[in-house]
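Asker: Model the structure of this input:
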Amino acid sequence: NIPKLIWGPYALNNHRSGTKDIIVQDQDNTIYLISAGGKVKWSINIEAKILGEISQIDAYQNNKFQMVFNTKSNLHVIDILGNEIDGFPIKLNYLASNPVSIFDYDNNKDYRFLIAGEDFKIHNYNISGSQVSGWIQPELSSTIAMQLKHFAINGLDYILSVQNSGVIKLHNRRGGERFTVKSNAFLPSESNLAINKSFVIDSTSIVYQDTLKGISKLILGGHNNEIYSIPDSLNTNDKYWNIFANKKFNKVNYCLKQKDRLKIIDQSKEEFDFQFYYPYDILHGERFDNFMAVLNTNTNEIQLIDSKYNINPNLFRASKMSCIGNINNDNSKELITVVNNNILICYQIPSLN
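Answerer: Modelled structure (predicted):
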């Protein structure tokens, strides 16, 4: 009896049971935590729809997890029982323009929560719910929709921001500009971005889906060029390149979606081709746990391509609101999906071995 769902599902670690819980949000902005067995454990109403995805931290450094997310007006850190931890939620005195980024620079669980605002500033909070002392709140020339990213080279931290105007900034831990990027990168709002680290910052690059539906590469110390483009013979609305991250093998791969074909190119340039005789969308990302989901938009059924680029012949009644995880801690993956907007279904994914 859950009302119409507008966000989720996501699979979250449960430190008590060793299984995973599922979180969703309905049209009235109520969030529900659901056990691996399908029971609603609790529900709480919040002020607005959650921006982006959801993350987990260990705020008290005791191997117990809390969930972190933000709306346009609040930053929340909630424990497994549905309670906000001390100092949260933070009522923002601006409107957030992007999902919160969580950085743990030294891997010691001293978390930083960074949010870009419609006030053209980047804000930084600590685990106590206070603004970080010494952070200069860098000012922006335009808003930021994409999450901020962090990486380190030769012991130096870089906080990467991509503004909606295409301006790229690389900040240090205090918010000062660490390195000047002279070229711009124009990304569609749904674009994926990956960082290819080098030994030095000048030759480090970012790759992303560009506004021409191709894949571009920007060397931070140099030029910007398109590495995969749409051939003129295919240049119609249902053709585009995308980035397909395969975390199991620590690789960033590329895929070309065509009307009835899908091509995946891995880092060794090996190609994997699939044919589909129906209109489809592709779904992937961290919530799909190294799988790519192919959604038949006519019948609302999903087929799965695994991390070794094998396609599973099974069909699952499903929707774009889906995630994959080992929720029962039984070495078997499950597909959790929302159908008819308010029915949550869990499928066991049959092994191909």
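
Asker: Could you use CA atoms for every contact and neighbour count after this?
Answerer: Fine.

Asker: wait, what's in contact with the closest residue in space to Pro188 that isn't next to it in sequence?
Answerer: Nearest non-adjacent residue to Pro188, counting by Cα to Cα, 6 or more residues apart in numbering: Thr211, 5.8 Å away. Shown in contact with Thr211 (Cα atoms under 8 Å, 6 or more residues apart in numbering): 186-188.

Asker: Could you double-check that Lys64 lies in contact with Asn13?
Answerer: No - counting by Cα atoms under 8 Å, Asn13 is not a contact partner of Lys64; they are 9.3 Å apart.

Asker: and the two? which has more neighbours close in?
Answerer: Each of Lys64 and Asn13 has its neighbours counted (other Cα atoms under 10 Å); Asn13 has more, 20 against 16.

Asker: Tell me what that one is bridged to.
Answerer: Beta-bridge partners of Asn13, counted by DSSP bridges, are Lys20.

Asker: Which helix or strand in the protein has the lowest average pLDDT?
Answerer: Within the chain, judged by mean pLDDT, DSSP states H and E, the helix or strand with the poorest mean is strand 240-246; its value is a mean of 85.

Asker: hey, C-alpha coordinates of that strand in CSV?
Answerer: This file holds the C-alpha atoms of strand 240-246, laid out as CSV (Å, rounded to 0.1, in the frame of the first residue of the first chain):
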residue,chain,number,x,y,z
TYR,A,240,24.0,8.5,-28.9
TRP,A,241,27.2,7.5,-27.2
ASN,A,242,27.4,7.1,-23.4
ILE,A,243,30.0,6.2,-20.7
PHE,A,244,29.5,2.7,-19.2
ALA,A,245,31.6,2.4,-16.0
ASN,A,246,32.6,-1.2,-15.1
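
Asker: Adjacent strands (with direction) for it?
Answerer: Short version: by DSSP bridges, strand 240-246 pairs with strand 251-257 (antiparallel).

Asker: in the partner strand, what counts as buried?
Answerer: The neighbour-count check on strand 251-257 (16 or more other Cα atoms under 10 Å) flags 252-257 as buried.

Asker: got those as JSON lines, with distance to Val167 and pLDDT columns?
Answerer: Below are the buried residues of strand 251-257 laid out as JSON lines (distance: Cα to Cα, whole Å; pLDDT from 0 to 100):
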{"residue": "Val252", "distance to Val167": "23", "pLDDT": "85"}
{"residue": "Asn253", "distance to Val167": "25", "pLDDT": "91"}
{"residue": "Tyr254", "distance to Val167": "24", "pLDDT": "93"}
{"residue": "Cys255", "distance to Val167": "26", "pLDDT": "94"}
{"residue": "Leu256", "distance to Val167": "27", "pLDDT": "94"}
{"residue": "Lys257", "distance to Val167": "28", "pLDDT": "93"}
